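Participant: requesting a structural model of the entry that follows:
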Amino acid sequence: MFRRFFLTMIFTMSFCTMTSANVLAAVDDWQPLLNVAFEQNNLEMAVLLLTNDNNVPVSDIIVKARAMGFGYTRIVDALIDTKLSCEQVMVDALLNNVPPKALFGSEKIKDDYEYTPELILSFLVKKLMFMELAEEHLGEKDENLETKLKNLEIIIRVCKSMLDDKDYSQYDVMFSLCQAEASNVLIAETADELGVPQATTFKACPKHAEYGHAYISHDLPQDAYIVIGVDHLTIDDNAGKGVISPMSP
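Facilitator: Prediction:
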């Protein structure tokens, strides 16, 4: 306890000195401060003081901590102990290329905040608000395209990590997306990226089959058990019969 208090005092005094000496420095030049914080090689203390007392961007902290040899999960746990919310840490970590497995393996996220992989995915879908913009249908420029693609990348990485853990099937992942009310675009993009059969996607999320995309019977990898003779408006005039639902995933 005394050692921790002593280190805190040293770090705090050092930070005050560094801050005063760098008043005229560029705002984004955090390297001197990062170097001082990690002098004692104490990750948790450094992250606490950098975040709570100096508002150093999470991206810079992650890069420095990794350069010092600390693992992703330990970095995430250290960030959880700061003034940042658990949800903010998860988003910031993923935006800065922290592997989703680091979040799944965090005891603080899993036990203290009770976030399972499914709940992490559900939170991200709602938080990142990936949706099909009206401008795209009108042929106008999508001003949010870069952010949208980044959000899609993050969600797909989380889905892939769930599959890699072997505890989740393709059906489980697609069902989680559906329960999180993911858009049809997100569901279709994720299914395509993960190689999920269309029948599996339809069984996991029937609303996607009903409102998102219509397929003709010979396009499905499995037989369909209900085929009607009325074309959906979403398929070509000469497409043939529309498929309501698949037989099995």
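
Participant: all contacts plus neighbour counts: C-alpha atoms, from now on.
Facilitator: Fine.

Participant: shaky segments in the chain?
Facilitator: Regions of the chain meeting the criterion pLDDT under 70 cover residues 1-28, 130-143, 210-249.

Participant: just the strands in it please.
Facilitator: Counting by DSSP state E, one finds strands in the chain at the ranges 224-228, 242-246.

Participant: measure residue 198 to residue 45 for me?
Facilitator: Using CA to CA, to the nearest Å, residue 198 is found at 49 Å from residue 45.

Participant: ok, residue 81 touching residue 48?
Facilitator: Yes. Here residue 81 reaches residue 48: they are 7.1 Å apart, a contact under CA atoms under 8 Å.

Participant: looking at the two, which has the bigger crowd around it?
Facilitator: Using other CA atoms under 10 Å as the criterion, residue 81 and residue 48 rank with residue 48 on top: 21 against 18.

Participant: ok, that one - contacts?
Facilitator: Residues near residue 48 by CA atoms under 8 Å, 6 or more residues apart in numbering: 78-79, 81-82.

Participant: distance to residue 70 for the residues you listed - can I get that in a markdown table?
Facilitator: Listed next are the contacts of residue 48 as a markdown table, based on distance: CA to CA, whole Å:
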| residue | distance to residue 70 |
| --- | --- |
| 78 | 11 |
| 79 | 13 |
| 81 | 16 |
| 82 | 17 |
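
Participant: can you tell me which of these is closest to residue 189?
Facilitator: residue 79 (31.4 Å; CA to CA).

Participant: these two touch, right, that closest one and residue 90?
Facilitator: No. Residue 79 lies out of contact with residue 90 (CA under 8 Å); the separation is 9.5 Å.

Participant: who has more neighbours out of these two?
Facilitator: Between residue 79 and residue 90, residue 79 has the larger neighbour count (other CA under 10 Å), namely 25 against 22.

Participant: tell me the contacts of that one?
Facilitator: Here residue 79 is in contact with 47-48, 89 (criterion: CA under 8 Å, 6+ apart).

Participant: out of those, which comes closest to residue 156?
Facilitator: Closest to residue 156, out of all of the contacts of residue 79 and judged by CA to CA, is residue 89, at 18.5 Å.

Participant: neighbours around that closest one, how many?
Facilitator: Neighbours around residue 89, by other CA under 10 Å: 22.
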